[in-house]
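[1] Fold the following.
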Amino acid sequence: MFSLQLSTMRKILFVLIAFVVVAATTTAAGANDPSGGTSASSEATPSSGAPSSGAPSSGAPESGSDTRPGVDEHFVYPTYTIDESLLPFEGIDGVPAEQMWGVHHSAAYLMEVPDNWNGELLMWAHGFRGTEPELTVDPPPFREWLVANGYAWAASSYPRNDYDITAGVEATRDLRILFGETVREPDLTYLAGASMGGHVTAVSIEQYPWYYDGAMPVCGVLGDYELFDFFAAFSLVGQQLATGEAMFPVDAETYYGAVVPAIKAAMITEGGEWPLDLSPTGQQFLAAIADASGGARPNFLEGWAFWNGPAEFATGPGNFLFDLAGGNGTTVGSSQIVLDTTDEVYQLDLDPAISDAEQALNDAILRIEADPAARSTERGAPVPAITGDISMPVLTLHNLGDLFVNFGMEQDYAREVAANGNEDLLVQRAIRGAGHCDFTGEELIGGFADLVNWVKTGERPAGDNVLDPAVVAGADYGCTFTRGEHLAAAPCPG
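    Okay, the predicted model is just below:
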């Protein structure tokens, strides 16, 4: 099932290394170029005036305790800052529009309204920004098309970094309200977000559906905690297959100094290279990760080569996915373990029947159990779970070879939505490519235009079946909606 000539894999890896080198030395141009526009301070109505000096904004959040559900009583957030001198942004040549920026409810924001505004608004939710103390905000990736076609847009930095979904949900809601108060109420509002912003989007439309008319989460963490379980599974299965035991949480010195090298050594042939020259044990590990990340599908092998490749990440080359399992199983502000692998059924091939070897693995492997109240759906919890209870059209995009936020997230979401009887409100599209959030403008614009038409006319657009294993494994899967070049995209038949 996973046979691929070694020479082909090496060519893929060479291309991926080159991509990483180029990406690391390229700074994306965007919305942070100082220019004329409209500025506003915290809690203020946008008005004409020059942006502030480069000092951190007084509207930035101060450190302090958090009383939200699921947050430890004595947890204290760090102090976040906003450099307001970075907020002003230029208009698009030939497209008259008003640019607005400022700080609202301790979050930086950008808004843009074209002179020929059609009355419709896109709210954009950004992805994970790490744990840095500075808050930053960017426009949607298809901003130019939006403004040229009469759409207004708005985006927030959120008042906190880290994986704080509720911070994004509430800041995006607050900015949506501010837009209505300072411009006017839009006729229709769409919400889109990427990666963690996809999680923000999915929770937003469940908790505050009256503010939005349609949503487009792309490369989103739509399986919520299931993504963290996948990171744990990658490590646990690797440890068990290679050493016959597993540790959690890991001791960093032992794990990265001895255990991870032992895993890689057990997974490759004598004299071979990780992750290409796989031993029989390595082939089992490969199949287990394929199954756990969405099943057999085109572009998985390219994704395997990229996300386990020799690019220098954190603790060393080839360690990216191992690094993601290095935590203690908690999320922001909480000491409760959210990981739960108690119900995971690990497979060593792509046959759904459980073999003796698979049964032995599942019997022996370490299981992690979440604290009873850790996976909250409660409004206000930092990382609320997604329920799938949607009430508006939702269209998603996801790269097949993405192993950072894997394609299985789409399957988790599809099952949740179907369990609520809302499958007619969900359209999902598989896109070829091994990267994370690697979409062309044509794919993003096409998806958004189809969502808009769906909201306005009720005509449900076409999508891909993400739940039928035979369909997903098909040689042409992911070809219908893929447009343009992608990182290590598996070529479509013909």
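
[2] ok, W145 - how many residues close by?
    For W145, the tally of surrounding residues (other CB atoms under 10 Å) stands at 17. Placement of C-beta: from N, CA and C, glycine included.

[3] so who does R129 touch?
    R129 makes contacts with 135-136, 161, as judged by CB atoms under 8 Å, 6 or more residues apart in numbering.

[4] are any of those buried, and which?
    Among those, those classed as buried by neighbour count (16 or more other CB atoms under 10 Å) are 135-136, 161.

[5] Can you tell me the number of residues neighbouring W124?
    The number of residues packed around W124, counting by other CB under 10 Å, is 27.

[6] actually S293, not the one I typed
    Neighbours of S293 under the rule other CB under 10 Å: 26.

[7] do W210 as well
    Using other CB under 10 Å: W210 sits among 7 other residues.

[8] how much space between it and N453?
    When CB to CB, to the nearest Å is the yardstick, W210 and N453 sit 22 Å from each other.

[9] and what of L403?
    If you measure L403 against N453 using CB to CB, the figure is 33 Å.

[10] and the two? which has more neighbours close in?
    More neighbours sit around L403 than around the other of L403 and N453, counting by other CB under 10 Å; the figures are 25 against 15.

[11] so what's that one closest to, chain neighbours aside?
    Distances taken as CB to CB, 6 or more residues apart in numbering put W307 closest to L403, at 4.0 Å, once the chain neighbours are dropped.

[12] who are the neighbours in contact with the one you found?
    For W307, counting by CB under 8 Å, 6+ apart, the contacting residues are 320-321, 403-404, 434.

[13] can you pull out the helices in this structure?
    According to DSSP state H, the chain carries its helices in the segments 6-24, 143-148, 165-182, 196-207, 225-243, 252-254, 260-267, 280-292, 300-307, 320-323, 356-364, 408-419, 441-457, 469-472.

[14] domain parsing for this structure?
    Annotated domains of the chain cover 6-24+225-364, 38-223+388-472 [automatic domain parsing].

[15] Quick one: these as CSV, columns for distance to D371 too.
    As requested, the domains of the chain are exported to CSV (distance: least, CB to CB, whole Å):
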stretch, distance to D371
domain 6-24+225-364, 4
domain 38-223+388-472, 10
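
[16] out of those, deepest packed?
    With neighbours taken as mean count of other CB atoms under 10 Å, these reach their highest mean count in domain 38-223+388-472, at a mean of 20.

[17] which one is the residue most central in space within the chain nearest to, not counting chain neighbours?
    Centre of the chain computed as the mean C-alpha position; nearest residue by CA atoms, centre = their mean is S195, 1.7 Å away. Computed as CB to CB, 6+ apart, the closest residue to S195 that is not its neighbour in sequence is G127, at 3.4 Å.

[18] Can you tell me which of the contacts of R129 comes closest to E90?
    When those are compared for distance to E90 (CB to CB), T136 comes out closest, at 17.0 Å.

[19] Excluding chain neighbours, what is closest to that closest one?
    Take T136 and drop its neighbours on the chain: the residue closest to it by CB to CB, 6+ apart is S157, 5.8 Å away.

[20] For the protein, which element, helix or strand, carries the lowest mean pLDDT?
    Among the helical and strand segments of the chain, the one scoring lowest on mean pLDDT, DSSP states H and E is strand 47-48, with a mean of 32.

[21] so what's F230 up against?
    Counting by CB under 8 Å, 6+ apart, the residues that F230 touches are 292-293, 406, 408.

[22] pretty sure Y212 contacts A192?
    No: distance between Y212 and A192: 10.1 Å, which falls outside the contact criterion (CB atoms under 8 Å).

[23] what sits in contact with each of those two?
    With CB under 8 Å, 6+ apart, Y212 and A192 have common neighbours M123.

[24] distance of the residue nearest to V427 when sequence neighbours are not counted from L426?
    Spatially, and ignoring its direct neighbours in sequence, V427 is nearest to G463 (3.7 Å; CB to CB, 6+ apart). Counting by CB to CB, the gap from G463 to L426 is 8 Å.

[25] can you check M409 too?
    M409 sits at a distance of 13 Å from L426 (criterion: CB to CB).

[26] for W307, same thing?
    Distance, W307 to L426, using CB to CB: 27 Å.

[27] ok, now E181?
    Counting by CB to CB, the gap between E181 and L426 amounts to 32 Å.

[28] Same check on G282?
    To L426, G282 is 36 Å away according to CB to CB.

[29] can you check F407 too?
    Shown here: F407 relative to L426, a distance of 15 Å by CB to CB.

[30] and what of E90?
    37 Å.

[31] same thing with Y190?
    If you measure Y190 against L426 using CB to CB, the figure is 15 Å.

[32] How about A325?
    When distance is defined by CB to CB, A325 is 30 Å away from L426.

[33] can you check R375 too?
    Applying CB to CB, the value for R375 to L426 is 22 Å.

[34] what's the answer for A489, then?
    A489 sits at a distance of 25 Å from L426 (criterion: CB to CB).

[35] Next up, the contacts around the nearest residue to L222 once chain neighbours are set aside.
    Once its chain neighbours are removed from consideration, L222 has its nearest residue in Y413; the separation is 3.6 Å (CB to CB, 6+ apart). Neighbour list for Y413: 202, 220, 222-223, 386, 388, 396, 426, 428 [criterion: CB under 8 Å, 6+ apart].

[36] pLDDT value on the residue nearest to V427, please?
    Listed pLDDT for G463 reads 98.

[37] can you check V95 too?
    Reading off the confidence values, V95 has pLDDT 97.

[38] cool, S53 as well?
    Looking at S53, the pLDDT reads 27.

[39] Also the one 5 residues further on?
    At S58, the pLDDT value in this model is 33.

[40] same check, this time on I17
    So, for I17, pLDDT stands at 41.

[41] same deal with A29?
    The confidence metric pLDDT takes the value 28 at A29.

[42] which residues of the stretch 351-494 of the chain fall in strands?
    Listed in chain order, the strands of the stretch 351-494 of the chain (DSSP state E, counting those that start in this stretch) span residues 394-399, 426-431.
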